[in-house]
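>>> need the 3D shape of this:
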Amino acid sequence: MFDLDLSAAHPLTAYGWDDGFAQGFTPYAGQGFVPGRIVRVDRGRVDAVVADGDGIRTVLADTALVATGDPMRVPCTGDWAVIDLENGRSGDHVEGVVRALLPRRTAFVRSASSKRSEGQVLATNIDAIVICVSLADQLDLGRIERFLALAMSSSADEEPVRRATSSPEGGAWPLVVLTKADLAGDRGGVAHLVADAESVAPGVPVVAVSSETGEGLDVLSAALTGVTSVLLGQSGAGKSTLANALVGESVQTVRAIRDRDGKGRHTTTTRDLHALPGGGVLIDTPGLRGVGMWDAEGGLARTFSDVEALAEECRFHDCAHDAEPGCAVQAAVESGELAVRRLENYRKLQRENRWIAAKTDVRLRAEQRREWRQKQAWGRHMMERKRGTRG
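Alright, predicted model coming up:
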């Protein structure tokens, strides 16, 4: 029977094993199964770390028994799995079989495609979501807002288990990391870029780092010690180089930077979980070309808390912040308190999130059609008033 000892010396503690996961595993403990954390997924099989005496070992396990047509329920890097090590297939080096997945605490999910209503889980059971943005390019504030909205919506379907490292809402906490700071000019220029990022990330830490010079790595390493974190960002954002620096060895292959533009070439093709030398684990992910909204209503509200607060002061509770009288949001735009770009991106992400949600929700689709008809009627009314055809 698997030993559920949770002392600091327990080998799986370094990978995030704790009382909560042990309780979730209790129904399986008497069946000869063992828990393991998935560190890599590849074509119906997973690599998972399991206890091996006082240490750990990595086993290859088949996932056929938990295969599902639901992309939100497939095994993912970061999952805790119930593994049967008694029924592996030695002929093809498979040492075990995944019998079940323990309930997820958190998950970072994006829409799989702009043309399909499917979500894609990128990492699970994460405490910190590290949003990597390269300073080799012009700072894209809209992209930071997009990632933040998803990061702040990271609670899994199950009731989240709150930890000291979790956000007040029970999900993972975000951190914005501006990479390749050595390519952004002097310290004054970097400080200005950090301030710009902070302006669109209320309450979220922003750190500028350089894997080349070591700038900011001590601050980032301290923040990620003892937790499960995931690196997310576009291809070429420097995630693999950063992962190497944090882990302390070349866990990811990194190609040379192009001299022409300072951009890295995309090399990571799988999501891999690595142990950090100071404690905790880090999940590196492939570069993301697109990050579509997925069930991010709560995350949008927190990311754009300044816009939401202004909206509370509007004369009408259903104000669209367009041409309505007494609109506090438009007044803030006109005074310069709120940037036009930020309001436009807020609207854009809201529309995208509602569109994705409506593809799987009949009631929401009907509500959106009703709102659209009301807006059309309001537009006609205002046009007729402008023309003087209606009093």
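>>> quick one: buried residues of the one helix or strand residue 38 maps to?
Using DSSP states H and E, residue 38 falls within strand 34-42. Neighbour-count burial for strand 34-42 flags 34-41 (criterion: 16 or more other C-beta atoms under 10 Å). Quick note: C-beta positions are derived from backbone N, CA and C, even for glycine.
>>> keeping just the C-alphas, turn that strand into PDB.
What follows is strand 34-42, C-alpha atoms only, in PDB (Å, rounded to 0.1, in the frame of the first residue of the first chain):
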ATOM      1  CA  VAL A  34       0.400   4.900  -6.400                       C
ATOM      2  CA  PRO A  35       0.100   8.600  -7.000                       C
ATOM      3  CA  GLY A  36       2.300  10.300  -9.600                       C
ATOM      4  CA  ARG A  37       2.600  13.800 -11.000                       C
ATOM      5  CA  ILE A  38       2.500  14.100 -14.800                       C
ATOM      6  CA  VAL A  39       5.700  15.800 -16.000                       C
ATOM      7  CA  ARG A  40       5.100  15.300 -19.700                       C
ATOM      8  CA  VAL A  41       2.400  14.100 -22.100                       C
ATOM      9  CA  ASP A  42       3.100  12.500 -25.500                       C
END
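>>> give me the contacts around that strand.
2, 12, 15-17, 21, 25, 28, 46-51, 58-59, 61, 63, 75-83, 85, 96, 102, 270-274, 281 (C-beta atoms under 8 Å, 6 or more residues apart in numbering).
>>> ok, now stretch 344-363?
By C-beta under 8 Å, 6+ apart, stretch 344-363 touches 111, 117, 141-142, 145-146, 149, 292-297, 300, 304, 307, 321, 364-365, 368.
>>> what does stretch 273-281 give?
Residues contacting stretch 273-281 (C-beta under 8 Å, 6+ apart): 14-16, 37-40, 77-78, 221, 224-229, 243, 246-248, 251, 282-284.
>>> list the pairing partners of the next helix or strand after the strand holding residue 38 within its sheet, with orientation.
Using DSSP H and E, the next helix or strand after strand 34-42 towards the C-terminus is strand 45-52. Strand 45-52 pairs in its sheet with strand 34-42 (antiparallel), strand 55-62 (antiparallel), by DSSP bridges.
>>> do you know which of those lies nearest residue 328?
strand 34-42 (47.2 Å; C-beta to C-beta).
>>> distance from that closest one to the middle of the chain?
Chain-centre distance of strand 34-42: 19 Å, with C-alpha atoms, centre = their mean, to the nearest Å.
>>> so residue 333 sits in a helix?
Yes. Applying DSSP: H, G, I helix; E, B strand; the rest coil, one finds residue 333 inside a helix.
>>> relative to residue 346, how far out is it?
Using C-beta to C-beta, to the nearest Å, residue 333 is found at 11 Å from residue 346.
>>> in terms of neighbours, single out the busier of these two.
Set residue 333 next to residue 346 and count neighbours by other C-beta atoms under 10 Å: residue 346 wins out with 23 against 18.
>>> where does this structure have its least confident helix or strand?
For the chain, counting by mean pLDDT, DSSP states H and E, helix 362-387 ranks last in confidence among helices and strands (a mean of 58).
>>> TSV for the strands paired with strand 45-52, including mean pLDDT?
Below are the strands paired with strand 45-52 laid out as TSV (pLDDT from 0 to 100):
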stretch	mean pLDDT
strand 34-42	96
strand 55-62	94
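>>> the ones you listed: which one's closest to residue 131?
strand 34-42 (22.0 Å).
>>> so where is the chain shaky, pLDDT-wise?
Applying pLDDT under 70 to the chain flags the ranges 1-9, 88-92, 112-117, 155-170, 252-269, 360-391.
>>> show me where it has helices.
19-29, 141-151, 187-199, 217-224, 239-247, 297-303, 305-311, 328-335, 340-358, 362-387 (DSSP state H).
>>> report the buried residues of the fourth one.
Along helix 217-224, the positions that meet the burial threshold by neighbour count (16+ other C-beta under 10 Å) are 217, 220-221, 223-224.
>>> what is it packed up against?
strand 128-134, strand 173-179, strand 206-208, helix 239-247 (3 or more C-beta pairs under 8 Å, 6 or more residues apart in numbering; DSSP states H and E).
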